[in-house]
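A.B. asks: Here's my sequence, what's the structure:
(chains A and B)
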Amino acid sequence: MRLTLPVLIAHGRYGRRMGLGPESRINMLRNILTGLVRHERIETTWARADEVRIYAEKLIDYAKKGDTDEKAMKMASFWLTEKDLVHKLFKVLVPRLGSEQRGYTRLFQIPNRDSLDRAKMAVLELRGNPFPPLVTRQPASDGSLLNQLLRGYREEATRSRAAGGD
Amino acid sequence: MSATGLLVFFKRSFLRLESRILQAIGFNNRAVPALAVQGPGIFPQPHRNEETEEHSFLDNVFWMAAPKKRRTIEINRCRRRNPQKLIETKTNIEPCSECGNLKQKHVLCGFCYEKVRRETAIIRGQIQAQEGKPLNNPAVETVVLYEGEKPADTDAGKRIVERKRQRPSWFTQY
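C.D. replies: Next up is the predicted model:
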């Protein structure tokens, strides 16, 4: 990890302050996490999405221990306020994401919110969700300007090499 | 004339001279008030009404900082135009490779994201309609099928959401 100035000033602290206090922060993140597990793609402020990411990954790590594990069940029932999602977590998300070590979530920044606060927004999604993908990697087509120029350069080089060789 | 008389005369005249000098300086213990009247112990001070008197700002103006010289336009220009005061140019703006709208390098394209967001919202509306009541999420995977698509073998136990339109080009089937 890069030793940037904010990282050094933090002296190892990585949790942000949110809401009215630590309890309020946990409640807020719990609601967002429940929303994430239900909808699999949510849009919030970037700071909240970044915090929820930590808790989402830890929750899935706990859930990987299995349905029968008491600690895992306690964690799931605390963090997911809607109880039908506990079943979804153990039966759907764990088989889907179980093969990966980390990185069950993806975070992208989107343009700032339209309202007066112009807040820094992000979209947080679970891997393998059924929705259309947010980033599509288009392979560079031959018709793009850069590729055409490179092609012309390559042809000229071969021509000059052939002429020089003759 | 006798010697003692002369001495007495000199002594008296010297004392008179001394008293005249002291009078001139002000050490006069011989001044007796001409008229004595019974009155208060202290002389009454003229009563200054603090509220009515105006504490004008200009009373203290002698102790405030003020510019000595007019700042010339050259100096003004130096201050106003130095790079610290100018707006920084952003070099992280580029056109989106899909739609051509401008986007920041580390941010998703607004136009493309809006397309995806609308489609996601419609799909979610369909899911909600399928579930019927709240908190009714089935513990199965979901798959979205467009017009003319059949569920594949891998979509065996999944919940199917149907969309009555052609599959958009940006929704690739992995």
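A.B. asks: mind checking which helix or strand the spatially most central residue of chain A is in?
C.D. replies: Centroid-nearest residue in chain A, with C-alpha atoms, centre = their mean: A:Arg106, separated by 1.4 Å. When elements are defined using DSSP states H and E, A:Arg106 is found to belong to strand A:105-110.
A.B. asks: Packing partners of that strand?
C.D. replies: Under the contact criterion of 3 or more C-beta pairs under 8 Å, 6 or more residues apart in numbering or on different chains; DSSP states H and E, strand A:105-110 touches helix A:46-63, strand A:121-126. From N, CA and C alone the C-beta is placed, and that goes for glycine too.
A.B. asks: For the longest one, what is the distance to the chain centroid?
C.D. replies: Which is helix A:46-63. The chain centroid and the centroid of helix A:46-63 are separated by 10 Å under C-alpha atoms, centre = their mean, to the nearest Å.
A.B. asks: buried ones in that helix?
C.D. replies: Taking 16 or more other C-beta atoms under 10 Å in any protein chain shown as the neighbour-count basis, helix A:46-63 is seen to contain the buried residues A:46, A:48-49, A:51-53, A:55-56, A:59-60, A:62-63.
A.B. asks: what's near enough to touch residue 110?
C.D. replies: With no chain named, the answer covers chain A. With contacts defined as C-beta atoms under 8 Å, 6 or more residues apart in numbering or on different chains, the neighbours of A:Ile110 are A:43, A:121-123, B:107-108, B:110, B:113.
A.B. asks: The intended chain is chain B.
C.D. replies: Applying C-beta under 8 Å, 6+ apart, one finds that B:Gly110 lies in contact with A:110-111, B:101, B:103.
A.B. asks: By neighbour count, which of those residues wins?
C.D. replies: B:Lys103 (22 neighbours; other C-beta atoms under 10 Å in any protein chain shown).
A.B. asks: What separation do you get for that one and B:Thr89?
C.D. replies: When C-beta to C-beta, to the nearest Å is the yardstick, B:Lys103 and B:Thr89 sit 17 Å from each other.
A.B. asks: next one: B:Val116
C.D. replies: Shown here: B:Val116 relative to B:Thr89, a distance of 30 Å by C-beta to C-beta.
A.B. asks: Then B:Leu17?
C.D. replies: Counting by C-beta to C-beta, the gap between B:Leu17 and B:Thr89 amounts to 96 Å.
A.B. asks: All set now, cheers.
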